[in-house]
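Colleague: next input, structure requested:
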Amino acid sequence: MRAESFERLIRWYPPRWRSRYGGEMTALLEDSYAAAADVPLRDRFGLARAGLAERARETGLVGPGQGAADRLRTGSVLVLCGWALVLAAGAIFAKFTDNWSVGTRAADRWVASTGYHTVVVAGGAGSLLVLVAALVVLPAFVRLVRRGGWHTVRRPVYRALACGALAVVLVGGTVGWAHHLSQHDRNGGLPLYGAMFVVTGLAMATALGAATAAAATVGRRVDLGTRPLRALGLMAVGLAGIMALVFAGIVSWWASESVRAPGVLLNGMGNGLPYTSRVVPPTLLMVGLLTTIGLALALAGSVRIVRVVGRGRAIP
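Modeller: Numbers count the residues shown, from 1 in each chain. Here you go, the predicted model:
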């Protein structure tokens, strides 16, 4: 195998690690697999797992951290990553619950309606809180660019902008197309539209992931004072609470509909792929999984923040 192939394999590791150990790792791979046609798949997965773990350690997402400021930053980033998952779950939930009240009797809607509106209001509040956090970071970001640090955040920011622009174009095209289709065609009657909907959903998820990665990179690079760091930490804890409300709203709507109007779940988007259920449809199962993982990340980040703010630790 060529040396370039081995160098590509270690791109899972962060740049700082590669600049220090990349040459030795490449030489080791050459010695181990030079005579082989390819690196075994198991070893490729091992390199990927180790590289991602090293990236997580470098960013402070795992491990004890280096100090109070580091804990506040990484705790806030964990909450932000959790929010991205919850936001994706909320978008799927919104599509699944489209016109859900039509299939539910008015007398049986109050629990489900409360849960549904809780998700809507909490989602808006959480998005507003993230926007406020971005405004808090904005002055420090401007100072970073003026000092010549744009090159340290350029790639993830450009990637997020490109993915976001593509997602906006696809969403606009899909919505415009949907207005010219019947309800039957929009809900599986037209396979081409279904494929377009899946592609658009993947583009939105990619844009959300790229935006989160860019925000995390900027958050690590900018210089923030004590007050902005504490403010961001407290907002992150508040965002975690909002995510708990989203989780509670989804669960209450789901539980109510499974008892009062199981037909809504049975006829919901995605039921039948890969199985059919009027209690645990696959789409809601995905929503629950994403929300649970996101809430777990948010709680882990909140614990880091509270341990710093609650104990009054000094932030250098």
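Colleague: quick check: closest non-adjacent residue to the residue sitting nearest the centre point of the chain.
Modeller: Centroid-nearest residue in the chain, with C-alpha atoms, centre = their mean: residue 84, separated by 3.0 Å. Nearest residue to residue 84 in three dimensions, chain neighbours excluded: residue 212, at 4.3 Å (C-beta to C-beta, 6 or more residues apart in numbering). Any C-beta I mention is one placed from the backbone N, CA and C, and that applies to glycine too.
Colleague: isn't the one you found right up against residue 82?
Modeller: No: using C-beta atoms under 8 Å, residue 212 is not in contact with residue 82, being 9.9 Å away.
Colleague: of the two, which one has the most company?
Modeller: Taking residue 212 and residue 82 together and counting by other C-beta atoms under 10 Å, residue 82 has the greater number of neighbours (27 against 20).
Colleague: how about that one, secondary structure?
Modeller: helix (DSSP: H, G, I helix; E, B strand; the rest coil).
Colleague: residues contacting it?
Modeller: 240, 243, 293-298, 301 (C-beta atoms under 8 Å, 6 or more residues apart in numbering).
Colleague: cutoff 7 Å now
Modeller: 243, 294-295, 297-298, 301 (C-beta atoms under 7 Å, 6 or more residues apart in numbering).
Colleague: would you mind giving those as CSV with distance to residue 120, secondary structure and neighbour count added?
Modeller: Output for the contacts of residue 82, formatted as CSV (distance: C-beta to C-beta, whole Å; DSSP: H, G, I helix; E, B strand; the rest coil; neighbours: other C-beta atoms under 10 Å):
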residue, distance to residue 120, secondary structure, neighbour count
243, 14, helix, 28
294, 17, helix, 25
295, 18, helix, 20
297, 22, helix, 23
298, 19, helix, 28
301, 24, helix, 28
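Colleague: among the residues you listed, which one lies nearest to residue 9?
Modeller: residue 297 (28.2 Å; C-beta to C-beta).
Colleague: how about that closest one: what's its closest non-neighbour residue?
Modeller: In space, residue 297 is closest to residue 82, 3.5 Å off (C-beta to C-beta, 6+ apart).
Colleague: likewise residue 109?
Modeller: Using C-beta to C-beta, 6+ apart, the closest residue to residue 109 is residue 101 (6.1 Å).
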